[in-house]
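Student: Give me a model of this one.
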Amino acid sequence: MQEDEARAVAVPASAEQPQGEPAAIAQRAGDADREATVARLRDAAVAGQLTLDEFSERVEQALQARTHDELQALERDLTGSVPAPAAADRPRSRWVVTSRLERRGRWRLPPAYRLNVVCGTVVLDLGEAVVEAALTTLHVRNLFGTTTILVPEAVRVEIDDGGIMLTNEVALPETPPPASAPLIRIQTSGIGGTNYIHAAPPER
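Tutor: Residues are numbered from 1 along each chain as shown. As a prediction, the model looks like this:
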């Protein structure tokens, strides 16, 4: 009898305790999932929830994401659309005459903006700008001035260059941004000026 009791006590613990549930396996994300995430990030940028720099950083992470969890983390702090301020509150054109203008930090860029430069110097840093549409048209009329436009890498740029004796120096990444990224169309005109259109440095 004692031997039977001893054998009963010696039953392995693994046989008495049920094994735990297997850990959930993260689902792999595909190119279509990444592109859909970029499109939603673009909508968030247009709604004013992300600056162009923030959009650019999240797009880089989205394109490198391997799982759905990693993609969802990029949208976790974003809510529904946020209405933009009334159009009357924002100027849609600016004159810079024999003076200097630097636009940095957070600012709103309307869907159509005209910059007139006459013998002046302008620096537009679009990194912390908030766009209000998927397509933004920026018309730069430069008369013997110097204009520098800094654009985050994940933003698409199209340049319609024109003018007389006008120099446009373009230095943008060779790798194109995602097709669903916001588009900034830069139209140049004028006489004898210089426009620099460069990719914004990551830290500035």
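
Student: where do the helices sit along the protein?
Tutor: 2-9, 13-16, 31-46, 52-64, 68-73 (DSSP state H).

Student: Any idea how far the last one is from the middle of the chain?
Tutor: Helix 68-73 has its C-alpha centroid displaced from the chain centroid by 17 Å (CA atoms, centre = their mean, to the nearest Å).

Student: residue nearest the centroid of the protein?
Tutor: Against the mean C-alpha coordinate of the chain, by CA atoms, centre = their mean, the closest residue is residue 55 at 2.4 Å.

Student: Could you report the neighbour count for residue 41?
Tutor: 29 (other CB atoms under 10 Å). Every C-beta, even on glycine, is put in place using the N, C-alpha and C of the backbone.

Student: distance between the ends of stretch 71-78?
Tutor: 13 Å (CA to CA, to the nearest Å).

Student: List the contacts of stretch 160-173.
Tutor: Residues from elsewhere that reach stretch 160-173 (CB atoms under 8 Å, 6 or more residues apart in numbering): 142, 151, 153, 157, 159, 185-199.

Student: Using neighbour counts, trim the residues you listed to the buried set.
Tutor: 142, 151, 153, 157, 159, 186, 188-190, 193, 195, 197, 199 (16 or more other CB atoms under 10 Å).

Student: can you redo those as CSV with pLDDT and distance to residue 170?
Tutor: Formatted as CSV, those follow (pLDDT from 0 to 100; distance: CB to CB, whole Å):
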residue, pLDDT, distance to residue 170
142, 98, 14
151, 96, 10
153, 92, 14
157, 97, 8
159, 96, 6
186, 98, 9
188, 97, 10
189, 97, 16
190, 97, 16
193, 96, 15
195, 98, 9
197, 98, 5
199, 95, 10
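
Student: These into a markdown table, with extra columns for distance to residue 168?
Tutor: What follows is these, written out as a markdown table (distance: CB to CB, whole Å):
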| residue | distance to residue 168 |
| --- | --- |
| 142 | 9 |
| 151 | 14 |
| 153 | 19 |
| 157 | 12 |
| 159 | 7 |
| 186 | 9 |
| 188 | 6 |
| 189 | 11 |
| 190 | 10 |
| 193 | 9 |
| 195 | 5 |
| 197 | 7 |
| 199 | 15 |
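
Student: tell me how far the ends of stretch 64-71 are from each other?
Tutor: 9 Å.

Student: Check which residues of it are buried.
Tutor: Neighbour counts over stretch 64-71 (16+ other CB under 10 Å) mark 65, 70, 71 as buried.

Student: for the first one, phi and psi?
Tutor: Comment: the main-chain dihedrals of residue 65 come out as phi -70, psi 140, following degrees, to the nearest 10.
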